[in-house]
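Chemist: Structure of the sequence below:
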Amino acid sequence: LPHPSTPPLYPTPRSPCDLAAISPRSRLDLASAQVGHTLGLRHNFRASTSYTYEQLSDTAFTSTHGLSSSVMDYIGAFVPSNRSLQGQLYSASVGEYDWWAIKYGYMPVEGEVAGVQPAPLAALAASGAASPELRFATDEDGSRASGIDPFVSVYDLGVDPLYFHEDRIALVQQLLTKVVNSTVGIGQPWTSLLPAITSFLNVALRAGAYSAKYIGGFVFSKAHRGDPAAPDPVLPASPTDQARALQLMLQLISQSFWLPAASLARLMPKRTGSCSGLEQYCYGSGAPDIRGSVMRIRKLILSGLVQQTRIEGLEQQEWQRQGTQPPPPPPSLPAESGGHVWGSRPPDPVPSVAIDFSPPSVGGPSVGGLLTAIHSTLRAVPAAQITGLSANVTAALGDRAADAGMAYEMQRYWVGLLVDLAEEASSEAAAQATRLLLDMTEEINTAVLAVGSNTTSEAAAETSQLGELRALRAHYLTLQHMLAHWVEH
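Modeler: This next block holds a predicted model:
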């Protein structure tokens, strides 16, 4: 979605895109990749991570090198949130990897023998091991969100894919402030607003889903032994980048900075009827399910954090670290949360500092640290807001009852994921999930009694927020039932 303030695209607000200028460039980008296939090239999903944002913003650089080191990657338009960095929207040239690969495939070699790599070709291949522009990864390397190499993904751009996703979220925040005027002009129907908002939500989903590839992730190299300056073939993702990725994902599942205002739903009618295909009858109107879409996105991101490949990757990395260090002492269990009780209101904003999810004795990301970080984010509420006077509880809720309901739903979903981990996952994840569930069982039993007494008090009735307290009690009772069922079975 082009930014509405980009002069070459939008001469005035709400004017149509200059498709006459944009469309040929995008078609040329697409056609180049198809010609590459014709010449024998595979997809190269590592190519989009070759250049910095500063290089991508330099039109002199991109006119020679393109936005990616290969036209065989999937990249979209380059639209940074910092509008002063806007360069070319699409690649303007064939990439360095493409020239190199074509040279390898078509260079004449005298005395060639089938099945034997000629020395000139071996030397050419080895020369690319140290160059970021010549690295290669294709479809089998896991280019979708389920993969484990964060530098091998579709539709990212720049040497730091995580920064790219952070920047896309920042762009969405900017666009949300002007989406109405940029999407619906005077005399136009409101039905174009919902698709725009949906595209913003999908940006958040993609950012969370692909950032998860850092958690327990690995960076691979296809260089051969003996290639000069080649990296190791299997390197764990940087602990710092893993913490950054976890930070972003926890913010997406617990905060609302990336969401449209709830009042905007009044301006977003949904088109209904037969709205796809050659014959369309799509003149009906329906209510938008923005809340449902947001919750589905948050649950998908949370599930992606604890999927089996992430857990196994973290366990592998823990094992590798311990293999290069003296045997550490048994790690102490994380301390209790300092009087915090499970979820009486939406969680406080995630701090801007990096999240440490590594036990001190190991010195890197761990399964227990990951589960504890998620658990703390979804439950961080002072105990006084439950065990104190009812006014303390209702003051915490206030006008945030709707947000509280969304937070409660995420907490219940998290309990369900913990139960699954405790029953089916590997031993380390099962042990950590069991610890958290048992700790929670005691807290919830206490909280049910505390909130139950508050909902029957005169003070609660006088606050005019008895409904919120009853919703909180229903939330606790549901958690209590889920935990009791888990303990029983």
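
Chemist: Apart from its neighbours in sequence, what residue is nearest Gly36?
Modeler: Of all residues not flanking Gly36 in the chain, Met72 sits nearest, at 5.1 Å (CB to CB, 6 or more residues apart in numbering). C-beta: built from backbone N, CA, C; applies to glycine.

Chemist: I'd say that neighbour and Ser48 touch.
Modeler: No - using CB atoms under 8 Å, Met72 is not in contact with Ser48, being 10.1 Å away.

Chemist: Which of the two has more residues huddled nearby?
Modeler: A direct count of neighbours by other CB atoms under 10 Å for Met72 and Ser48 places Ser48 higher, at 27 against 24.

Chemist: is it true that Gln55 touches Thr62?
Modeler: Yes - with contact defined as CB under 8 Å, Gln55 counts as touching Thr62 (7.4 Å).

Chemist: Report the rounded mean pLDDT for stretch 124-143.
Modeler: The average pLDDT within stretch 124-143 is 95.

Chemist: how far does it stretch from start to finish?
Modeler: One end of stretch 124-143 to the other measures 26 Å (CA to CA, to the nearest Å).

Chemist: Helices of the stretch 301-450 of the chain, residue ranges please.
Modeler: 308-322, 367-377, 384-387, 390-397, 401-424, 427-455 (DSSP state H, counting those that start in this stretch).

Chemist: On the three-state scheme, Phe257 is what?
Modeler: Look at Phe257: counting by DSSP: H, G, I helix; E, B strand; the rest coil, its state is coil.

Chemist: Work out for me the element Leu171 sits within.
Modeler: helix 161-176 (DSSP states H and E).

Chemist: got the CA positions of that helix in PDB?
Modeler: Provided in PDB are the C-alpha atoms of helix 161-176 (Å, rounded to 0.1, in the frame of the first residue of the first chain):
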ATOM      1  CA  PRO A 161      14.600  -8.600   8.500                       C
ATOM      2  CA  LEU A 162      13.500  -7.900  12.100                       C
ATOM      3  CA  TYR A 163      14.000  -4.200  11.600                       C
ATOM      4  CA  PHE A 164      12.000  -4.400   8.400                       C
ATOM      5  CA  HIS A 165       9.000  -5.900  10.400                       C
ATOM      6  CA  GLU A 166       9.400  -3.200  13.100                       C
ATOM      7  CA  ASP A 167       9.400  -0.600  10.400                       C
ATOM      8  CA  ARG A 168       6.300  -2.000   8.700                       C
ATOM      9  CA  ILE A 169       4.500  -1.700  12.100                       C
ATOM     10  CA  ALA A 170       5.600   1.900  12.400                       C
ATOM     11  CA  LEU A 171       4.300   2.600   8.800                       C
ATOM     12  CA  VAL A 172       0.900   1.100   9.800                       C
ATOM     13  CA  GLN A 173       0.800   3.300  12.800                       C
ATOM     14  CA  GLN A 174       1.300   6.400  10.600                       C
ATOM     15  CA  LEU A 175      -1.300   5.200   8.000                       C
ATOM     16  CA  LEU A 176      -3.900   4.600  10.700                       C
END
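
Chemist: Quick check: buried residues in stretch 237-246?
Modeler: Neighbour-count burial for stretch 237-246 flags Ala237, Ser238, Pro239, Asp241, Gln242, Ala243, Arg244, Ala245, Leu246 (criterion: 16 or more other CB atoms under 10 Å).
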